[in-house]
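In: Sequence and predicted structure, then a few things I'm wondering about:
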Amino acid sequence: MTTLIPEKNKQPGVCYAVTGDGLEVPVIDVTHPAFAVELDDAAIAVMLEKFARDEQRRAKVPKPVQRLLLRLIVGRSVLGRGLLAGAGGVLGGMTMYLGKLGPDNLGQGWAKRVDRQIAAAPPTRLARLRLEDMARLLADGLAPALSARPQRPVQLFNIAGGPGADSWNALFLLRKEHPRELSGRRISIHVLDPDESGPAFGARAVAALRAEGGPLRELDVSFQHVRYDWRDVDPLRKLLRDAELGDAVVGCSSEGGLFEYGTDEEIITNLEALRLGTPGDSRVVGSVTRGDGPTRFAQEFTVRPRSLDAFRALVRRAGWEVASVITRPFSYHVSLKRVS
């Protein structure tokens, strides 16, 4: 991949990879201070109060004028173009990834002021926090199986994962907190996504992490992209069969994906495939748009808000139950285990 705009101010200890547009950008590492999200409950409350006031003012502007302003101002930026492309549908994985870098980590050679404003906006900052929550839930869910089955392969399945950042960040957390548990294992990341650009960047990111001097250089990590539309679960079933999981340590994640945009039946069908095709102690983590969260932002996209009780009932129909949950303003971040 040709680097058209290199990053000239690289931070120590941070790896870099190139996007499909030729931008050299950081590889997010939730254990590195450069990507720390300094948001406690009080700070989140203040941030969301201001966000609500801004949204109320914006709502008073006629929609045709809003769209014109967006195209004239926001549309000139990399993140702005991504938001416009996703309006009324699904945000692209790379747009979300670049936003999660945070305003201070956007490249001087390409990021405009509006890009940094978008990256600093409450929904984007909370999406960055969502990534950290997903990595945390995945790492915590895998740790007991890693301890119980030394040297067995680790298989990570990422549905609608874009670059798959939550998968490699779970490895960062496990490497930091359980350094011996990952040694000597074959680790596979499988990203199931209809898009090409996100997973292509994810493969380059993992290659950078495994290169000389990278934080995962001592681990045997591979990255695979499988084109996938969760409305047709057959490719997932085939992937699980071909992986010959046996007694492998298995985790599945879907950050900002299946549980937020999928219908009830699509969620059930995918969870049933995972229940039938993975070991008994496998974990599934994901984010669920809150039915009682700030609604205006959710209306910008085709998410399907749910209450936590409704989601609990839904996953039980597929043989899973909510083992733990982190509640955030826009979403519930859940870890699922099989119904015992």
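Out: Thanks, I have the structure now. Numbering: from 1, shown residues only.
In: Nearest the geometric middle of this protein, what residue?
Out: With distances taken as CA atoms, centre = their mean, residue 255 lies nearest the centre of the chain, 4.0 Å away.
In: wait, what's in contact with that residue?
Out: Contact analysis of residue 255 by CB atoms under 8 Å, 6 or more residues apart in numbering lists 130, 131, 134, 161, 165, 166, 286, 287. Every residue, glycine included, has its C-beta placed from N, CA and C.
In: Closest one to residue 22 out of the residues you listed, please.
Out: Taking CB to CB as the measure, residue 165 is the one of those closest to residue 22, at 19.7 Å.
In: So for that closest one, what's the pLDDT?
Out: Looking at residue 165, its pLDDT reads 97.
In: before we move on, what about residue 83?
Out: 73.
In: Can you name the two of the contacts of residue 255 that sit furthest apart?
Out: Taking CB to CB, no two of these sit farther apart than 165 and 286, at 14.2 Å.
In: between these two, which one's more packed in?
Out: Neighbours per residue (other CB atoms under 10 Å) separate residue 165 from residue 286, with residue 286 holding more: 30 against 27.
In: Lowest-scoring secondary structure element of the chain by mean pLDDT?
Out: None of the helices or strands of the chain scores lower by mean pLDDT, DSSP states H and E than helix 295-299, at a mean of 52.
In: The longest helix seen in the chain - what's its average pLDDT?
Out: In the chain, assigned by DSSP state H, the helix with the most residues is helix 122-148. For helix 122-148, mean pLDDT is 95.
In: Could you list every helix and strand in contact with that helix?
Out: When contacts are defined as 3 or more CB pairs under 8 Å, 6 or more residues apart in numbering; DSSP states H and E, helix 122-148 packs onto helix 41-59, helix 93-100, strand 154-159, helix 165-177, strand 249-254, strand 283-289, strand 320-327, strand 331-338.
In: Just say helix, strand or coil for residue 273.
Out: What DSSP: H, G, I helix; E, B strand; the rest coil gives for residue 273 is helix.
In: isn't it right up against residue 239?
Out: No. With contact defined as CB atoms under 8 Å, residue 273 does not reach residue 239; the gap is 9.5 Å.
In: Work out the gap between stretch 25-45 and the centre of the chain.
Out: 14 Å (CA atoms, centre = their mean, to the nearest Å).
In: whoops, stretch 314-328 was the one
Out: Its chain's average C-alpha position is 18 Å from that of stretch 314-328, according to CA atoms, centre = their mean.
In: Stretch 223-238 now?
Out: For stretch 223-238, the distance to the chain centre is 17 Å (CA atoms, centre = their mean).
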